[in-house]
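Participant: Just need the structure, nothing else, for what follows:
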Amino acid sequence: MSVKIRLQRHGKKGKPFYWIVAADARAKRDGRYLEKLGTYNPNTNPAIINLDVDGAVKWLQDGAQPTDTAKAILSYKGAMLKNHLVGGVRKGALTEEQAEEKFQAWLEERAGKVSSKEGDLAKAKADAKAKALEAEKAVNEARVAAAVEEVAEEVEVVEEAEAVAETTKEVVEEVAEVEAVVEEAKEEVAEVKAATEEAPETKEEETKEKTAE
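Facilitator: Model (predicted):
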């Protein structure tokens, strides 16, 4: 029986989650499998991979062939390297202790690289957050400046309106004063006119009195 190590899709639409399985090469991709070897979650950064390395090596030693994606995952977790080392032990090229030592050294180096990558990702995330905060701060400052400018313009309009009102008040008062002067002038004219109308009558009476004498 030909065996494939491949991915079997699970999860929701748009958020795939995979099982790493050993399955009959003739079986459907998401059908029955012989053994579940781990899981692969590509929805996180970095992706989360859980793998039974020894189980995968056992299937590789029995002739199972991984698909390209599965092979990349097995290489990432060290299963392909361990399979190579086990083959070397079988051939007598190195002892089990040497093979285990080489594998542990690789794991440590790999862990260092993963840790460094996670640190870089964390730094990049922090930098992106800082830039976002700076951008938000700039936007807020621009909004505040615009609001202050708008208030200043409104204050200026109010001050201009108050100045116009004050000027109008002064004009009204001046007009009232002029009207009062005009009224006084009218009264004086009326008095003069009345005095003028009474004068002829007084002269006529004086003439009559002289004649009578």
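
Participant: contact partners of the helix or strand Val57 falls within?
Facilitator: Val57 belongs to helix 53-61 when assigned by DSSP states H and E. By CB atoms under 8 Å, 6 or more residues apart in numbering, the residues outside helix 53-61 that reach it are 3, 5, 20, 22, 35, 37-38, 66, 74, 77-80, 82-83, 86-87. Using the backbone N, CA and C atoms, a C-beta is placed for each residue, glycine as well.

Participant: Weed out the non-buried ones from these.
Facilitator: 3, 5, 20, 22, 35, 37-38, 66, 74, 77-80, 82-83, 86 (16 or more other CB atoms under 10 Å).

Participant: Helix or strand: which one has Leu74?
Facilitator: Assigned by DSSP H and E, Leu74 belongs to helix 68-77.

Participant: For the longest helix belonging to the chain, name the packing helices and strands.
Facilitator: Longest helix in the chain, counting residues (DSSP state H): helix 96-212. Helices and strands touching helix 96-212, by 3 or more CB pairs under 8 Å, 6 or more residues apart in numbering; DSSP states H and E, are helix 79-91.

Participant: could you check the angle helix 68-77 makes with the helix it packs on?
Facilitator: Here helix 79-91 points in a direction 70 degrees away from that of helix 68-77 (axes from the mean of the first three to the mean of the last three CA atoms, to 10 degrees).

Participant: farthest pair in the buried ones among the contacts of helix 53-61?
Facilitator: Farthest pair in these (CB to CB) is Val3 and Gly78. Separation: 20.5 Å.

Participant: Distance check, Ser2 against Pro16.
Facilitator: Ser2 sits at a distance of 26 Å from Pro16 (criterion: CB to CB, to the nearest Å).

Participant: what's the spacing between Ala27 and Val21?
Facilitator: 10 Å.

Participant: In contact with Thr196, which residues?
Facilitator: Counting by CB under 8 Å, 6+ apart, Thr196 has no contacts.

Participant: how much space between it and Val182?
Facilitator: Distance of Thr196 to Val182, computed by CB to CB: 21 Å.

Participant: what do you get for Lys58?
Facilitator: Distance of Lys58 to Val182, computed by CB to CB: 121 Å.

Participant: which one of those two has more residues nearby?
Facilitator: A count of neighbours by other CB atoms under 10 Å puts Lys58 above the other of Lys58 and Val182, at 16 against 10.

Participant: Now do the same for the more buried one: its pLDDT.
Facilitator: On pLDDT, Lys58 comes in at 95.

Participant: confidence score at Val86?
Facilitator: 91.

Participant: In this model Ala99 seems to touch it, though I could be wrong.
Facilitator: Yes: using CB atoms under 8 Å, Val86 is in contact with Ala99, at 6.8 Å.

Participant: So Ser2 and Pro16 - more neighbours on which side?
Facilitator: When neighbours are counted by other CB under 10 Å, Pro16 comes out ahead of the other of Ser2 and Pro16, with 14 against 9.
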